[in-house]
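Colleague: take a look and give me a structure for this.
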Amino acid sequence: MHISRREFLQTLAIASASGLELKQSFAGGTHKLKKTNSKNNIQSENMYEVKPYGNVSLIHMTDVHAQLTPLYYREANNNITQSKFNNKPQYLAGDNLLKHYGIESSSPLAHALTNIDFTELAKRYGKMGGYAHITSLVKTLRAQRPSALLLDGGDNWQGSATSLWTNAQDMVDANKILGLDVMTGHWEFTYGATRVKEIIENDLKDQTDFVAHNVIDKDFGDSIFKPYVIKEQNGIPVAIIGQAFPYTAVGNPGYMYPKWSFGIREQALQDTINMVKKAGAEAIVLLSHNGLDVDLKLATRVVGLDAILGGHTHDALPKAKVVKNKSGKTLVINSGCAGKFVSLLDFNVRNKRVVGYQYKLLPVFSNLIQADTVMQRYIDNIRQPFLPRLKEELAFTNDLLYRRGTFNGSFDQIIVDALMKTFDADIAFSPGFRWGMSVLPGTAITYEDVMNQTAITYPVADVNYITGERIKLILEDVADNIFNPDPYYQQGGDMVRVGGLQYSINPTAKIGERISEMTLRGQPLQANKKYKVAGWAVVSEYLEGIPIWDVVANYLRDKKVVSIKNINTPKLKNS
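Modeller: Below you'll find the model as predicted:
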């Protein structure tokens, strides 16, 4: 079913009027939450014309993962963690999320934020994101607030075939057209230290500040990048401090940046906040790629931040979270992923301090926002040489293909099945990446679709013979990364995807006790027996061999038609 543009606009306006926008009063050192009628900020003809508020404006996006064109991206049907966190807003999914925020089911916002009726609603509302559409939206917001700063929270340069094949240049040049002011990083670093420094020193130097206070030289402790930048907006000094992904050297290959040290560096952050405040900053924000839970904990432990604009865990927050700390309160926002959302944070700064704010999470519906002609021309030109390869149809899918979910996704199932088939392996492991676009049922799976799931700089697939005992240790280690009750020990991502092996998991248990009942073809896994295990994305050493995209593409060419009869997920206990 399709709806007209007018009906779509009306539906968006109704969804937007459901109390999703909040204003916060900071007067007198207190934080009194005020609900406002968001209809006041919705023009009848254009829901993206948000009424200006205050005198400082920040436009935020994150985790675009190099997606220049509009896309489908299905959100998680579950977001399991330690049971004491499961009812927190950041872990809500599906109906629970809609109920918590008062969002009408089947509305555009419901579609953007959840997996519910995804295929039907995707056909109704169309694709989301796309840099040409984001550009038009950013121009609209900047026309309303000319001095607004555009910030990117990282994972911008990686995640597509063209970003990989151009060594990130396609995204770097697109960001120039977009007018990006400040960014930080994570997957950007997987292009290697030399390439990252080359881009920052040559391509970004005249326009975009790359900030990361928490990346230092291993030998001398010197900052690798600018720790912060102070930008003046309407006569008000605004400090943006960068916080790159603190576990980059653990979650990604450390050999690509051997002299760089990463970390949360809580005290260094506090010192930087104090420094920029002494330098005259009247509004101070952290541009973070920590992940939401880390940001929430950090906000309780450092003082002086007006807001944390976060990313990494791909959460889209319809409301800003207000976190108390020793000296006041800090806002925490997250802006989703894949270009599906752009966040707008307006501050009212008076007497050298933030006294109020307005926050709006804006879904980017590409059939509602007209594409910017300059950006669209650039995208068409940069993609043209690659189109024959990108558009190759490998197979046909009868089912919705997606990745996002705590334990597995249908496209992940294709990857582990391809690994087991190609290498005649007993078991397959595939990383729990949260990037990777969706493919609707009844359509062709293209080479570009495969690259959207696999485009990394360390893609080699390999086989090892591993004991049952070691397999359990691997699963326990990954599970602790996901389910550790202390956010500072969580590194983002979802649980490793597993093919062939069945097991049970108790997220609330201690490390070493979460994984049980491991079976292979109906038989218990034997601790001392070695099993043939296929995998990819090895972070410990450089490998040569067949890249994962060739493994998957060849598998699909042979299969021709894909029907996902069973997605291999563990049995969940006590959650």
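Colleague: contacts and neighbour counts: CA atoms only from here.
Modeller: Will do.
Colleague: low pLDDT regions in the stretch 1-150 of the chain?
Modeller: Residues of the stretch 1-150 of the chain meeting the criterion pLDDT under 70: 1-47, 81-87, 89.
Colleague: what ranges do the helices span in it?
Modeller: 5-16, 94-101, 108-113, 118-125, 131-144 (DSSP state H, counting those that start in this stretch).
Colleague: ranking those by burial, who's on top?
Modeller: Among those, ranked by average contacts under mean count of other CA atoms under 10 Å, first place goes to helix 108-113 (a mean of 24).
Colleague: output the contacting helices and strands for that one.
Modeller: helix 5-16, helix 118-125 (3 or more CA pairs under 8 Å, 6 or more residues apart in numbering; DSSP states H and E).
Colleague: contacting residues around stretch 498-517?
Modeller: Residues from elsewhere that reach stretch 498-517 (CA atoms under 8 Å, 6 or more residues apart in numbering): 81-83, 408, 413, 416-417, 420, 426-430, 472-473, 475-477, 479-480, 483, 518-521, 524, 568-575.
Colleague: quick one, which of the residues you listed are buried?
Modeller: 81-82, 408, 413, 416-417, 420, 426-430, 472, 475-476, 479-480, 483, 518-520, 568-570 (16 or more other CA atoms under 10 Å).
Colleague: please list the members of these that lie in helices.
Modeller: 413, 416-417, 420, 472, 475-476, 479-480, 483 (DSSP state H).
Colleague: now Leu137: how far from Met183?
Modeller: From Leu137 across to Met183, the span is 19 Å (CA to CA, to the nearest Å).
Colleague: scratch that, Gln523 is what I was asking about
Modeller: For Gln523, the distance to Met183 - CA to CA - is 50 Å.
Colleague: neighbour count: the two, which is higher?
Modeller: For the pair Gln523 and Met183, the greater number of neighbours falls to Met183 (27 against 11), based on other CA atoms under 10 Å.
Colleague: surely that one meets Asp152?
Modeller: Yes. Using CA atoms under 8 Å, Met183 makes contact with Asp152 at a distance of 4.6 Å.
Colleague: need the overlap of contacts for the two.
Modeller: Joint contacts of Met183 and Asp152 (CA under 8 Å, 6+ apart) are Leu287.
Colleague: for the residue nearest to Ala281 when sequence neighbours are not counted, which residues make a bridge with it?
Modeller: What sits nearest to Ala281 in space, not counting adjacent residues and going by CA to CA, 6 or more residues apart in numbering, is Pro237, at 4.8 Å. Judged by DSSP bridges, the bridge partners of Pro237 are Glu232.
Colleague: who's in contact with the residue nearest to the spatial centre of the chain?
Modeller: Closest residue to the average C-alpha location of the chain: His314 at 3.2 Å, with CA atoms, centre = their mean. The contact partners of His314, by CA under 8 Å, 6+ apart, come to 63, 334-337, 434.
Colleague: from those residues, which land in strands?
Modeller: Per DSSP state E, strands hold the following members of the contacts of His314: Asn334.
Colleague: with respect to Tyr48, which of the contacts of His314 is nearest?
Modeller: Distance ranking of the contacts of His314 against Tyr48, using CA to CA, places Ser335 first at 15.8 Å.
Colleague: in the sheet, who's paired with that closest one?
Modeller: For Ser335, the beta-bridge partners are Ala316 (DSSP bridges).
Colleague: now it: how far from Glu201?
Modeller: For Ser335, the distance to Glu201 - CA to CA - is 28 Å.
Colleague: what does Tyr53 give?
Modeller: For Tyr53, the distance to Glu201 - CA to CA - is 35 Å.
Colleague: for the two, indicate the residue with more neighbours.
Modeller: Tyr53 (19 against 12).
Colleague: could you measure from the spatially closest residue to the more buried one that is not a sequence neighbour over to Asn214?
Modeller: Leaving aside its chain neighbours, Tyr53 sits nearest to Asp346 (6.0 Å; criterion: CA to CA, 6+ apart). Distance, Asp346 to Asn214, by CA to CA: 26 Å.
Colleague: more neighbours: which of these two?
Modeller: Legend: neighbour count by other CA under 10 Å for Asp346 and Asn214, higher for Asn214 (25 against 22).
Colleague: any idea how far the closest residue to Ala479 other than its chain neighbours is from Ser366?
Modeller: In space, Ala479 comes closest to Met495 once its chain neighbours are excluded; the distance is 6.5 Å by CA to CA, 6+ apart. In this view, Met495 and Ser366 are 31 Å apart by CA to CA.
Colleague: now do Lys360
Modeller: Applying CA to CA to Lys360 and Ser366 gives a distance of 18 Å.
Colleague: those two: who's more crowded?
Modeller: Lys360 (26 against 22).
Colleague: which residue, other than its chain neighbours, is closest to the more buried one?
Modeller: Leu344 (5.2 Å).
Colleague: which strand residues sit across from the one you found in the sheet?
Modeller: Bridge pairing for Leu344 - DSSP bridges - gives Ile59, Lys360.
Colleague: mind listing what it touches?
Modeller: 57-60, 358-362.
Colleague: likewise Asn398?
Modeller: Per CA under 8 Å, 6+ apart, neighbours of Asn398: 441-443, 561-564.
Colleague: if I look at it, how far off is Ile564?
Modeller: Distance from Asn398 to Ile564, by CA to CA: 8 Å.
Colleague: ok, so of the contacts of Asn398, who is nearest Ile241?
Modeller: Pro441 (42.9 Å).
Colleague: what pLDDT does that closest one get?
Modeller: We have a pLDDT of 98 for Pro441.
Colleague: helix/strand/coil for the nearest residue to Phe407 once chain neighbours are set aside?
Modeller: Spatial nearest neighbour of Phe407, chain neighbours left out: Met495 (5.2 Å); criterion: CA to CA, 6+ apart. Assigned with DSSP: H, G, I helix; E, B strand; the rest coil, Met495 falls in the coil class.
Colleague: run a quick check on Met495 versus Asp477, I expect a contact.
Modeller: No. Using CA under 8 Å, Met495 is not in contact with Asp477; the gap is 10.3 Å.
Colleague: could you break the chain into its assigned domains?
Modeller: 5-379, 391-572 (automatic domain parsing).
Colleague: may I see those domains organised as CSV, with distance to Pro385 added?
Modeller: Formatted as CSV, the domains of the chain follow (distance: least, CA to CA, whole Å):
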stretch, distance to Pro385
domain 5-379, 10
domain 391-572, 11
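Colleague: where among those is the average confidence lowest?
Modeller: domain 5-379 - the lowest mean pLDDT of the domains of the chain, at a mean of 88.
Colleague: got the CA positions of the helix or strand harbouring Lys176 in CSV?
Modeller: In this assignment (DSSP states H and E), Lys176 forms part of helix 169-178. In CSV, the C-alpha atoms belonging to helix 169-178 read as follows (Å, rounded to 0.1, in the frame of the first residue of the first chain):
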residue,chain,number,x,y,z
GLN,A,169,37.8,9.1,-0.4
ASP,A,170,34.2,8.9,-1.5
MET,A,171,33.0,9.7,2.0
VAL,A,172,35.7,12.3,2.7
ASP,A,173,34.6,14.3,-0.4
ALA,A,174,30.9,13.8,0.3
ASN,A,175,31.5,15.3,3.8
LYS,A,176,33.1,18.4,2.2
ILE,A,177,29.9,19.0,0.1
LEU,A,178,27.8,18.3,3.2
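Colleague: buried stuff in it?
Modeller: Going by neighbour count (16+ other CA under 10 Å), the buried part of helix 169-178 is 169-175, 178.
Colleague: ok now stretch 171-186, how far from the chain's centre?
Modeller: Chain-centre distance of stretch 171-186: 16 Å, with CA atoms, centre = their mean, to the nearest Å.
Colleague: typo on my end, stretch 217-236
Modeller: 23 Å.
Colleague: ok, now stretch 162-181?
Modeller: With CA atoms, centre = their mean, you get 17 Å for stretch 162-181.
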